[in-house]
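Novice: Build me a model:
(one chain, ligands or ions: 1)
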Amino acid sequence: YPQLQNEFKQRAVKPSEIKGSYDYVIIGGGQSGLVVANRLSEDPKVSVLVVEYGYFDDSYDVLDIQKVFRDTTHTKYNLTSVPQTQLGEANQVQSVPAAAVVGGGSAINGMFFNRGAADDYDNWEKLGNPGWGFNGLLPYFIKSTTLQIPDAAFAKEFNATWDEKVYGKNGPIQASIYPVQYPALKSVWTGFEELGAERQKSGDDGNAHGLFWATRSIDDRTRTRSYARTGYYAPVAERKNLDLLTGWRVNTITFDKKKQATGINMQSRDSITDAKAKITSIKARKEVILAAGALHTPQILQRSGVGPASLLQKANVPLVIDLPGVGANMQDHPQVTMIVALLPLSLVSPANYTSLAKSYLSQSSAAYLPASYSAATLKAGYAKQQKLLGSSLLRKDNAALEMPFAGNGGYYLLMLTKPVSRGTININTSNPYAEPLVDFNTFGNPADLAIAMEAFKFGRVLHNTKTISSTFHPVELAPGAQVASEKDLEKAARDTVVSTTAHLSGTASLMPRELGGVVDTELKVYGVKGVRVVDASVMPLIPGAHLCSTVYAVAEKAADLIKGRK
Ligand SMILES: Cc1cc2nc3c(=O)[nH]c(=O)nc-3n(C[C@H](O)[C@H](O)[C@H](O)COP(=O)(O)OP(=O)(O)OC[C@H]3O[C@@H](n4cnc5c(N)ncnc54)[C@H](O)[C@@H]3O)c2cc1C
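Specialist: Next up, the predicted model:
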């Protein structure tokens, strides 16, 4: 790839070159961290340090879209969840995917690049966050992207459509409709239509329901990955006011007596097992910005004394501010596999959807929350979420299930897009420097289990449509036709559910403090000064989409807020 050399441009600072203070210190050079670093350093008078635990990965495999699921163990954290006793015995401990590399999740993800329905983001606004609905985010979805129009012959053959208005023309991330498709895709499409799924011009204009062409974060000119490093970092790597330090871990944010953040403590990654390792302090003259992802942002806050008081007491961490929401409200998209359409619950389960949604709405709101959600604020926040989610489940223009389809006749991923169970990410109280304890609490709320069982049944209905059955003659390999009774379907769901689609979110939520929120509408952490969160942790409700596109929009909006442009 000689033509791609520029994509790997870098100016890695050596530890000895690091200055003692910067205007902004960004924790994490992953996806959101690089967006904010780029935008803040546009002003040459402003100095920015990014501290990233991972390293640059200059392997061309990163860019090669055929290597999308290559072995990335060297660019990931290696951890598993706590046992989830509500799941099948062999399925309780699950891996927790999280990137550790410059570019973060955007460097290793599957390059699905879609947005949730307008209703998903409007729910953020309805939780008490003016400016954070779909219309408030749309300018940032546009700013972060460039749409690459597919070849006309391809578009005609596959009837591919899109809405140019909702993408940018010069945004850093290339969004394309991938023009290499199996011809049999058309038959899968027809099968969905037989069941009443509606074709949309686009899913990214707020209409993410029914059938539509989703974009991928792929630069179609070179058929390579377009990600935060190529789009946001490489073009500005030479800026002298932007330092990126790799292979270092931020331990804590430091505060003065007035709870004003003063900077960070950090140590080199190769010293983290050494109890006597040298700790380096860096001052932040203006702000410390957390972009460490939904897994580590709550851990760093808790380690710094910002989090649930009882947890911090157990861990012997001196309390700066009691914020029960740090590490709570954790959401991901669980998936059950039966070996893209975004389907409203009414389509997945025409006979039962009203009763499913109503039975969820009639639950006592605190009934299925994790035991650690003792704070009244967390319960109040979930009660408000329950009303919004319940009514979204009843809507016909919002989806409860995602089924991406490729047209190769198999492999249906059934992803629950509106999980109602809530998990936690907390520091390990016996060692806050070990990896955090992740409890997805998948199916903690029986409403998620009920929807997963309906998803299995829907897959069978789809296989039996005239077009799909006659084109593919599908044979169900898993869970298998013998799994028919409600009891067996429930067991299959518990035994096979995958807790994550690598969409960890919500652990430092954008919500009013009295609803268990952690950051305000300017993404400032409640109760302290000079700390913001700009990553996937702030999403108060997980949108019904893969998260990358929303992370770019949130980080772009965050950068404007920090610069004082609203
Ligand atoms: C395997 C995988 C597949 C995915 N597939 C898709 C997909 O196909 N489509 C899609 O839309 N989304 C996908 N996602 C989700 C999406 O990529 C993420 O939601 C998004 O990248 C998260 O961005 P972020 O900025 O919140 O965190 P990240 O990009 O994870 O950035 C956090 C960074 O902080 C660093 N860090 C953490 N702790 C510290 C510390 N103490 N000190 C210094 N640095 C630290 C980490 O090393 C990391 O680089 C996938 C994610 C993964 C992991």
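
Novice: all contacts plus neighbour counts: C-alpha atoms, from now on.
Specialist: Noted.

Novice: List, one by one, the residues from the stretch 451-566 of the chain near the ligand.
Specialist: For the stretch 451-566 of the chain, the contact set with the ligand under C-alpha under 6 Å from any ligand atom comprises 502-503, 535-536, 546-549, 551.

Novice: quick one, which residue of this structure lies the farthest from its center?
Specialist: Among residues of the chain, the one most distant from the C-alpha centroid is residue 470; the distance is 37.5 Å, by C-alpha atoms, centre = their mean.

Novice: what comes up buried for the helix or strand hosting that residue?
Specialist: Following DSSP states H and E, the helix or strand that holds residue 470 is helix 466-472. For helix 466-472, the neighbour count (16 or more other C-alpha atoms under 10 Å) marks 467-469, 472 as buried.

Novice: what does stretch 161-168 give?
Specialist: 161-162, 164, 166-168.

Novice: ok, and of those residues, which contact the ligand?
Specialist: Applying C-alpha under 6 Å from any ligand atom to the buried residues of stretch 161-168, none is adjacent to the ligand.

Novice: would you turn these into CSV with pLDDT?
Specialist: Shown next, in CSV, are the buried residues of stretch 161-168 (pLDDT from 0 to 100):
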residue, pLDDT
161, 96
162, 97
164, 97
166, 98
167, 98
168, 98
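
Novice: I figured residue 286 hits residue 24, correct?
Specialist: Yes: counting by C-alpha atoms under 8 Å, residue 24 is a contact partner of residue 286 at 5.8 Å.

Novice: Could you check which of the two is surrounded by more residues?
Specialist: residue 24 (24 against 19; other C-alpha atoms under 10 Å).

Novice: Distance-wise, check the more buried one relative to residue 256.
Specialist: 17 Å (C-alpha to C-alpha, to the nearest Å).

Novice: Which stretches in the stretch 51-200 of the chain count as strands?
Specialist: For the stretch 51-200 of the chain, the strands defined by DSSP state E, counting those that start in this stretch cover 145-148, 173-176.

Novice: and residue 183, how many neighbours?
Specialist: 13.

Novice: quick one, what contacts it?
Specialist: By C-alpha atoms under 8 Å, 6 or more residues apart in numbering, the contact list for residue 183 reads residue 407.

Novice: just residue 95 next, same as before
Specialist: Residues near residue 95 by C-alpha under 8 Å, 6+ apart: 79-81.

Novice: Please repeat the previous calculation with a cut-off of 10 Å.
Specialist: 78-82, 438, 498-500, 502 (C-alpha atoms under 10 Å, 6 or more residues apart in numbering).

Novice: Likewise for residue 114?
Specialist: Taking C-alpha under 10 Å, 6+ apart, one finds 175, 202-204, 208, 213-217, 544-550 in contact with residue 114.

Novice: Check what pLDDT the nearest residue to residue 380 once chain neighbours are set aside gets.
Specialist: Closest residue to residue 380 apart from its sequence neighbours, by C-alpha to C-alpha, 6 or more residues apart in numbering: residue 515 at 5.4 Å. For residue 515, the model assigns a pLDDT of 98.

Novice: cool, residue 419 as well?
Specialist: 98.

Novice: try residue 470
Specialist: So, for residue 470, pLDDT stands at 89.

Novice: switch to numbering from 664
Specialist: With 664 as the first residue, the last one maps to residue 1133.

Novice: can I assume it is in contact with residue 853?
Specialist: No: judged on C-alpha atoms under 10 Å, residue 1133 makes no contact with residue 853 at a distance of 11.8 Å.

Novice: mind showing which ranges of the stretch 914-1063 of the chain have poor pLDDT?
Specialist: 1001-1006 (pLDDT under 70).

Novice: Please enumerate the strands of the stretch 864-1013 of the chain.
Specialist: Using DSSP E, counting those that start in this stretch, the strands found in the stretch 864-1013 of the chain span residues 873-874, 881-882, 887-888, 905-909, 911-918, 924-931, 943-953, 969-970, 984-985, 998-1000, 1004-1006.

Novice: between those, which gets nearest to the ligand?
Specialist: Of all these, strand 911-918 sits nearest to the ligand, with 3.6 Å by C-alpha to the nearest ligand atom.

Novice: What is the closest one packed up against?
Specialist: strand 684-690, strand 711-715, strand 924-931, strand 943-953, helix 956-966 (3 or more C-alpha pairs under 10 Å, 6 or more residues apart in numbering; DSSP states H and E).

Novice: Rebuild these as a markdown table, extending it with distance to the ligand.
Specialist: Output for the helices and strands packed on strand 911-918, formatted as a markdown table (distance: least, C-alpha to the nearest ligand atom, whole Å):
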| stretch | distance to the ligand |
| --- | --- |
| strand 684-690 | 5 |
| strand 711-715 | 4 |
| strand 924-931 | 8 |
| strand 943-953 | 8 |
| helix 956-966 | 4 |
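
Novice: which of the ones you listed sits most buried?
Specialist: helix 956-966 (a mean of 27; mean count of other C-alpha atoms under 10 Å).

Novice: Now that one - C-alpha only, PDB.
Specialist: Provided in PDB are the C-alpha atoms of helix 956-966 (Å, rounded to 0.1, in the frame of the first residue of the first chain):
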ATOM      1  CA  GLY A 956     -14.100   4.500  26.900                       C
ATOM      2  CA  ALA A 957     -17.100   3.200  28.800                       C
ATOM      3  CA  LEU A 958     -14.900   0.500  30.400                       C
ATOM      4  CA  HIS A 959     -12.200   2.600  31.900                       C
ATOM      5  CA  THR A 960     -13.700   6.100  32.200                       C
ATOM      6  CA  PRO A 961     -15.800   5.000  35.300                       C
ATOM      7  CA  GLN A 962     -12.700   3.200  36.700                       C
ATOM      8  CA  ILE A 963     -10.500   6.300  36.500                       C
ATOM      9  CA  LEU A 964     -13.200   8.400  38.000                       C
ATOM     10  CA  GLN A 965     -13.800   5.900  40.900                       C
ATOM     11  CA  ARG A 966     -10.000   5.600  41.400                       C
END
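
Novice: Could you tell me the angle between it and strand 684-690?
Specialist: When axes from the mean of the first three to the mean of the last three C-alpha atoms, to 10 degrees is applied, the directions of helix 956-966 and strand 684-690 differ by 120 degrees.

Novice: for helix 956-966, the distance to its chain's centre please.
Specialist: Its chain's average C-alpha position is 15 Å from that of helix 956-966, according to C-alpha atoms, centre = their mean, to the nearest Å.
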